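Engineer: Here is the input, now give the coordinates:
(2 chains)
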Amino acid sequence: MSFQTSPPKLDPAQLMACPQCDALHQAEHLPDGQRARCVRCGTILISPRERSFLHVIAFSFTGMILMIGAIFFPFLEISTRGLHHESSIFGVAMAFSEGWLAPLAFAVLSMIVALPVFRFAALIYTLWPLANGKPAWPHAATMFRLAEESQPWAMAEIFIIGTAVALVKLAGLAKVSLGPAFWAFCVLIIVIALKDSFVSKWTIWDAIERK
Amino acid sequence: MGRDRTQVNVLTATDAGLIGCTRCGKVWTPDHGYCERCGAALRPVDKSGLQKVWAWWWAGLIFYIPANLYPMLRTATLGAEQQNTIVGGAIELWKHHNYGVATIVFVASVMIPIGKFIAVAYLALAVGNEKRRGGHPHLHLYEVVEFIGRWSMIDVFVVAILSALVQLGFVASIHPGPAAASFALSVAFTMLSAQSFDPRLIWRGPERVI
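Structural biologist: Okay, here's the model as predicted:
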């Protein structure tokens, strides 16, 4: 692996510090498919994949379209004894909108809809010019940093597991039918996982920097 | 550095008199306050960041108490109202022989939060006192805590889905209880606590306490 601990007094522009343990490395462009790990703690530092920018853009557009479907189609429907009631994703977040729980409705809405959408948009904004061989658009660095920082708060995959738990809780009480939004959301979390596997942070930062 | 023989040759940015950006990995001279590539604030590796860890940790713990005392769900069926706390909900599922889901709920809303409080406190207390085994076990613990902490939100989503869906008037209706808000806050605060912990501290051995 072409990745070593560097001797001191090197140009800081050529160096990379491991974000987890601070070990200094000499950053280099790797061939596609290779991975560079930190020599001390093993954190993956650089993992370029062929045409990864295009893949990330494509997955982000797919994710946005699925999210639009997930918002506007019915999510779940419940029926028992001739009564029925359905809810959209939006309705799920609004479950907390009564009284003083209202801020929680905003939090839930941002965790399951707004932040995933923002992350898709930020990645498209950052990578679109780079994939076309053009210099990065203004504030691309800020957009990409915000996308990275908001990652722990985008909880689409946790929401789907929560849905599964809720379905089991309701199983004995009523008949629940799954709407198109439910399936759109399931595909969405697969798309997010695929997209993340194509993101090599260092490669993107390096491309932004080279303008 | 230097506690484990295999690590003797590793030079850190701090040792070289530089500061590494924890967001993008770019290395700067100490006169920079912000990373000029990604815009994140540059922090030297020192213990001052631990104050933030403890502040969020206590906030999380304080909100975890009402989260367990107050009801998470208020269920009204045919005029009778029932209130469930977090643990009560898991026990209810267990009684109805949904052992798998009861375990998921119990792990996500009881074991993960409590385990996280213990793990973050342990990591923060152990900084500078690590024994000679090197940082690997502690780094793994930190990575597990960071990865798993978000999953506690499951219970908040379950409450949201149930209250949005089960609105059948007199026959059955479910409303969220006050514990939903305090539990969500507790999870958010412990996530912030774990994020404030600087994993680079793990690798500073006892002989170079800062």
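Engineer: Looking at chain B, which residue is nearest chain A?
Structural biologist: Minimum separation of chain B from chain A (Cβ to the nearest Cβ) falls at B:Gly20, amounting to 2.3 Å. For glycine as for every other residue, the C-beta is placed from the backbone atoms N, C-alpha and C.
Engineer: show me the contacts for that residue.
Structural biologist: Neighbouring residues of B:Gly20 by Cβ atoms under 8 Å, 6 or more residues apart in numbering or on different chains: A:16-19, A:22, A:24, B:13, B:26-28.
Engineer: which two in these are spaced the farthest apart?
Structural biologist: Taking Cβ to Cβ, the two most distant members of those are A:Cys18 and B:Trp28; they sit 14.9 Å apart.
Engineer: So which of those two has more stuff around it?
Structural biologist: When A:Cys18 and B:Trp28 are compared for neighbours, A:Cys18 comes out ahead with 26 against 21, by other Cβ atoms under 10 Å in any protein chain shown.
Engineer: and B:Ala80, backbone torsions?
Structural biologist: Per-residue torsions, B:Ala80: phi -90, psi 130 (degrees, to the nearest 10).
Engineer: Likewise for B:Cys24?
Structural biologist: Phi and psi for B:Cys24, reported as degrees, to the nearest 10, are phi -120, psi -10.
Engineer: Identify the residues contacting it.
Structural biologist: A:19, A:145, A:201-202, A:205, B:35, B:37-38, B:40.
Engineer: same check, this time on B:Trp94
Structural biologist: Counted by Cβ under 8 Å, 6+ apart, B:Trp94 has contacts B:Ala102.
Engineer: Next one: it relative to B:Thr103, how far apart?
Structural biologist: Distance of B:Trp94 to B:Thr103, given as Cβ to Cβ, to the nearest Å: 8 Å.
Engineer: residue ranges for the strands of chain B, please.
Structural biologist: B:19-20, B:27-28, B:73-77, B:80-84, B:172-176 (DSSP state E).
Engineer: Show me which residues of the last one are buried.
Structural biologist: Read that as strand B:172-176. Going by neighbour count (16 or more other Cβ atoms under 10 Å in any protein chain shown), the buried part of strand B:172-176 is B:172-176.
Engineer: Quick one: check it for contact with chain A.
Structural biologist: Yes: against chain A, strand B:172-176 shows contacts by Cβ under 8 Å from any Cβ of the partner chain at B:172, B:175-176.
Engineer: Would you mind giving these as TSV with distance to A:Glu149 added?
Structural biologist: TSV is the format used below for the residues of strand B:172-176 next to chain A (distance: Cβ to Cβ, whole Å):
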residue	distance to A:Glu149
B:Ala172	41
B:His175	34
B:Pro176	29
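Engineer: now, among the residues you listed, which is nearest to A:Arg81?
Structural biologist: So of the residues of strand B:172-176 next to chain A, ranked by how close each gets to A:Arg81 (Cβ to Cβ), first place is B:Ala172, at 9.3 Å.
Engineer: So the closest one is in contact with B:Gly79, correct?
Structural biologist: No: using Cβ atoms under 8 Å, B:Ala172 is not in contact with B:Gly79; the gap is 10.7 Å.
Engineer: quick one: which of the contacts of B:Cys24 is most hemmed in?
Structural biologist: Result: A:Trp205 is most packed of the contacts of B:Cys24 (other Cβ under 10 Å), 25 neighbours.
Engineer: what about it, helix or strand, and which?
Structural biologist: Using DSSP states H and E, A:Trp205 falls within helix A:201-209.
Engineer: Neighbours of A:Thr126, how many?
Structural biologist: With other Cβ under 10 Å as criterion, A:Thr126 counts 28.
Engineer: Help me confirm that it is found in a strand?
Structural biologist: No: A:Thr126 is assigned helix when assessed by DSSP: H, G, I helix; E, B strand; the rest coil, not a strand.
Engineer: mind listing what it touches?
Structural biologist: Taking Cβ under 8 Å, 6+ apart as the definition, contacts of A:Thr126 comprise A:136-137, A:140, A:143-144, A:147, A:204, A:208.
Engineer: re the thing from before, and the average pLDDT for the helix holding A:Trp205 is what?
Structural biologist: Here helix A:201-209 scores 86 as its mean pLDDT.
Engineer: Where does pLDDT dip in chain B?
Structural biologist: For chain B, applying pLDDT under 70 flags the ranges B:1-9, B:128-134, B:204-210.
Engineer: partners of the residue of chain A at minimum distance from chain B in the sheet?
Structural biologist: With Cβ to the nearest Cβ, the shortest gap between chain A and chain B falls at A:Ala17, namely 2.3 Å. Beta-bridge partners for A:Ala17, by DSSP bridges, are A:Leu24.
Engineer: how close does it get to B:Gln195?
Structural biologist: Separation of A:Ala17 from B:Gln195 (Cβ to Cβ): 18 Å.
Engineer: These two: who's more crowded?
Structural biologist: A:Ala17 (29 against 15).
Engineer: Contact partners for that one?
Structural biologist: Listed by Cβ under 8 Å, 6+ apart, the contact set of A:Ala17 reads A:23-25, B:12-13, B:18-21, B:25-27.
Engineer: out of the contacts of A:Thr126, which are inside helices?
Structural biologist: A:140, A:143-144, A:147, A:204, A:208 (DSSP state H).
Engineer: and those, which two are the farthest apart?
Structural biologist: Spatially, the most separated pair among the ones in helices among the contacts of A:Thr126 is A:Ala147 and A:Ile208, at 12.0 Å (Cβ to Cβ).
Engineer: Would you tell me which helix is longest in chain A?
Structural biologist: Of all the segments of type helix in chain A, defined by DSSP H, the longest one is helix A:52-72.
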